[in-house]
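Visitor: this one's sequence-less:
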């Protein structure tokens, strides 16, 4: 019999999407048993919509609920660290939206807290659960793709002044970063998922679209540990929103051109083989492969499986640390006009954060 995990969702912006697309698609695995938000009217409306009776504006009340197994944190980034630590100290499992925290020092503190808790932390990186991304990963892992050569990754979205009506999104202290931390973080994580870790990078960032503190444009040249070279660019000033990735391997080119992003239900992924023989092998490999459900549904399903079977989480604090390592190096490169080797070590000037440096 499947064990049902009781969840408290904290923050009812993106948190509503977690409920609708992550938990309501897994009702045999999860029960949303409590909701928390500082906006009492929003909280009441969400409670009525989702049939949840326990409604709290005080996060510590949620942490103190003995029957809650999982706390799903969907609040602004600057609040995450204290909330995660409080939940771990109470022995709760944690699911948390990106960006998890704002420095490598913070993520290392979370790793230490997790090591001393019965709870575990899973960062949200749902782009990995796109059907095409799962198929691409399967082809690459099977060895059929061959050596990776070059890649491009583009996150070209549009965010106007209305997006920044929530003041925390404008500032380094509230958002912890701009497009690298809050929009392109998913696509860059997907690139790491498919190609592996980054060896070095050279980055440029700028604020060109809106009058805010944080960056809204970035261009990064990347060398991966696998030997491939990649470029990633991001802007919040694209009139037509799209996310695009192209991965060139010796045996196949893998490409997706998605509007608006890689989570689109019918996002097209193309697999162009170097020969009919390779194409046949790819078709055969995909014929026997069933990807998990897409987006939040798949990630929450795999989280439940890991918690109940006591197996590794589908995404870990280590994955979140990889994204923070990349961001730290990119911000330092942009500030110093220099190439940066990864990983970033504890004696680095930005190990404790970069938010006061721009």
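Guide: Okay, I see it. Please read these numbers as outputs of a predicted model, since none were measured by experiment.
Visitor: could you report the neighbour count for residue 118?
Guide: Look at residue 118: counted by other C-beta atoms under 10 Å, it has 10 neighbours. C-beta here means a position set from N, CA and C on the backbone, and glycine is covered the same way.
Visitor: how about residue 111?
Guide: 15.
Visitor: contact partners for it?
Guide: Residue 111 makes contact with 317-318, 321, according to C-beta atoms under 8 Å, 6 or more residues apart in numbering.
Visitor: quick one: it from residue 318, how far?
Guide: Distance, residue 111 to residue 318, by C-beta to C-beta, to the nearest Å: 8 Å.
Visitor: end to end, how far does stretch 73-93 reach?
Guide: 11 Å (C-alpha to C-alpha, to the nearest Å).
Visitor: cool, and stretch 150-164?
Guide: Start-to-end span of stretch 150-164 (C-alpha to C-alpha) is 35 Å.
Visitor: what are the contacting residues of it?
Guide: With contact meaning C-beta under 8 Å, 6+ apart, stretch 150-164 is reached by 169-170, 179, 183-184, 187-188, 190-191, 195, 209-210, 212, 216, 228-248, 260-261.
Visitor: and that stretch, how far out from the chain middle?
Guide: Put simply, stretch 150-164 sits 15 Å off its chain's centre (C-alpha atoms, centre = their mean, to the nearest Å).
Visitor: so which bits of that stretch are buried?
Guide: Neighbour counts over stretch 150-164 (16 or more other C-beta atoms under 10 Å) mark 151-157, 159, 164 as buried.
Visitor: do stretch 21-34 as well
Guide: Buried-residue list, stretch 21-34, by 16+ other C-beta under 10 Å: 21-23, 25-26, 29-30, 32-34.
Visitor: can you check stretch 334-345 too?
Guide: 334, 340, 342-344.
Visitor: sort out for me which of the residues you listed are in strands.
Guide: Among these, the ones falling in strands (DSSP state E) are residue 340.
Visitor: how many other residues sit next to the spatially closest residue to residue 29 that is not a sequence neighbour?
Guide: Leaving aside its sequence neighbours, residue 29 sits nearest to residue 304 (C-beta to C-beta, 6 or more residues apart in numbering; 4.2 Å). A count of nearby residues for residue 304, using other C-beta under 10 Å, gives 20.
Visitor: ok, of the buried residues of stretch 334-345, which one's closest to residue 75?
Guide: Nearest to residue 75 out of these is residue 344 (C-beta to C-beta; 26.2 Å).
Visitor: would you confirm that the closest one contacts residue 326?
Guide: No: the pair residue 344 and residue 326 does not pass the contact test of C-beta atoms under 8 Å, sitting 9.2 Å apart.
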